[in-house]
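> structure for this input, please:
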Amino acid sequence: MPKISHRETPFSLAYGTEAMIPVEIGSPTPRTQLTKEENEDDLRINLNFAEERREAAARRETEYKKKMERYYNSRVREVKFKVGNLVLRENEANMQENQGKLGPRWEGSYQVIWAGDKGAYKLAYHIGEEVPCTWNAMQLRKYYA
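Numbers count the residues shown, from 1 in each chain. Just a heads-up that it's a prediction; the model follows:
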């Protein structure tokens, strides 16, 4: 199957030609009607153009990834917390204890004591003791008290 990102099959990028399925071998198609010498000539020609196909596929894949990045970034909602805000921390981010699927997903509340540039935050317990790690905004949720 051709990949959506570059519209080529992995086999064709590796070998320069499309693979033949067993049904195609038994039926009369232009590929099976060629003589052995003509078939080898066609394969050599396809191998000569394989590098060009790979480069074109790489270009298309890069364009596709940029398009997907623009789509994602246009819909992502950035979350920012200020120093002093109360937040909950995702329980899975802590990784101390697996409580199963019925366990709480969020733990806390914590107070933000430092806010970094790219979504990094330092937290503290209510008693003033600092939590050892920095936490990403994706692992935090605003706590409404």
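> could you pull out the strands in the chain for me?
All strands of the chain, identified by DSSP state E, fall at 86-90, 106-115, 120-124, 130-136, 140-142.
> and of those, who's closest to residue 69?
Closest approach to residue 69 among those (Cβ to Cβ): strand 130-136, 19.1 Å. (Glycine included, C-beta is placed from N, CA and C.)
> packing partners for the longest helix along the chain?
The residue-count maximum for a helix in the chain (DSSP state H) belongs to helix 50-75. Contacting helix 50-75 under the criterion 3 or more Cβ pairs under 8 Å, 6 or more residues apart in numbering; DSSP states H and E are the following elements: helix 10-15.
> now what about the helix it packs on, what contacts it?
3, 18-19, 47, 50, 53-54, 57 (Cβ atoms under 8 Å, 6 or more residues apart in numbering).
> how does the chain divide up, domain by domain?
With domains defined by automatic domain parsing, the chain comprises 10-75, 86-142.
> deepest in the core, which of these is it.
domain 86-142 (a mean of 14; mean count of other Cβ atoms under 10 Å).
> over to that domain now: how far is its first residue from its last?
6 Å (Cα to Cα, to the nearest Å).
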